[in-house]
Structure formats: structure tokens, C-alpha cells
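Asker: 3D, please:
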Amino acid sequence: MKKLFGTDGVRGVANVYPMTTEMAMQIGRAAAYLFKDGNRRHRIVIGKDTRLSGYMIENALVAGICSMGSMSFLWARFPRRESPISPLPCGPMRVS
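Answerer: Coordinates of the predicted model:
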């Protein structure tokens, strides 16, 4: 999994490894597993850019997150460079 992530996350052409819905779902499951703390249902916020493939990846992430018992919230669309930045004090994906 470490080989998939660069400085800006996972990158590539949509529907070509590693940017497949299967991989996005696995990443969603992994994120939900890492953020899990006891029996609490964590909330994970997903932000995406404005490309059409963002909807495909977003839905796969949601499926993976929900399959692990966490809640996901879809944030508004952002320009590409602003997507990973969060105004929340607790980090870009985790809301406790």
C-alpha cells in the first residue's frame, strides 16, 4: 500500500491500476479501520476535485468506509490543489 501513495495521494488514469474502484474501496476500508477507536462510529469526510472520475472514486471510497461500520460525509467539490486541505483542526479526513 505504501507504494501507491505519493506526495499528493494515489495518482493515475481513472479505471487503470491503481485508480480503480476496487482500489478506492480497499483504501476506504483501510482508512475506516485505521480511524476506528473501540465501538464508536467515526465520521470520515471525503473531498474531491471537479473531474468526472472523482464521482466514481468517491462512491467507491464511501462503499469501503461504510462496509467497515464508519460514517462518511461528502464534502463540496474543490479545485484540484485544495482538495486535501481541511479547515478542521483534527485533520483532512478524520472528524471526531
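
Asker: Residue 16 - that's part of a strand, no?
Answerer: No. Judged by DSSP: H, G, I helix; E, B strand; the rest coil, residue 16 forms no part of a strand; its state is coil.

Asker: separation between it and residue 71?
Answerer: Between residue 16 and residue 71 the computed distance is 30 Å (Cβ to Cβ, to the nearest Å). Where you see a C-beta, it was placed from the backbone N, CA and C, and this is true even at glycine.

Asker: the more surrounded of those two?
Answerer: Neighbour count, other Cβ atoms under 10 Å: between residue 16 and residue 71, residue 71 has more, with 14 against 8.

Asker: thinking the more buried one is in contact with residue 46, fair?
Answerer: No. Counting by Cβ atoms under 8 Å, residue 71 stays clear of residue 46, with 10.9 Å between them.

Asker: okay, and the common contacts of these two?
Answerer: Here residue 71 and residue 46 have residue 65 as joint contacts, going by Cβ atoms under 8 Å, 6 or more residues apart in numbering.

Asker: Give the buried residues for stretch 27-46.
Answerer: 27-29, 31-32, 35, 42, 44-46 (16 or more other Cβ atoms under 10 Å).

Asker: Kindly indicate which of those residues lies nearest residue 11.
Answerer: Checking the buried residues of stretch 27-46 against residue 11 by Cβ to Cβ gives residue 27 as the nearest, at 12.8 Å.

Asker: That closest one should be in a helix, yeah?
Answerer: Yes. Remark: residue 27 belongs to a helix, assigned using three-state DSSP.

Asker: who touches it in this structure?
Answerer: With contact set as Cβ under 8 Å, 6+ apart, residue 27 has these partners: 10, 61, 64.

Asker: which residues of this protein fall in strands?
Answerer: Here the chain has its strands, by DSSP state E, at 43-48, 71-77, 94-95.

Asker: Give the residue spans of this protein that score low on pLDDT.
Answerer: Along the chain, segments meeting pLDDT under 70 span 1-2, 8, 76-96.

Asker: how close does residue 20 sit to residue 41?
Answerer: 27 Å.

Asker: just residue 35 next, same as before
Answerer: To residue 41, residue 35 is 10 Å away according to Cβ to Cβ.

Asker: repeat for residue 11
Answerer: Residue 11 is 30 Å from residue 41, where distance means Cβ to Cβ.
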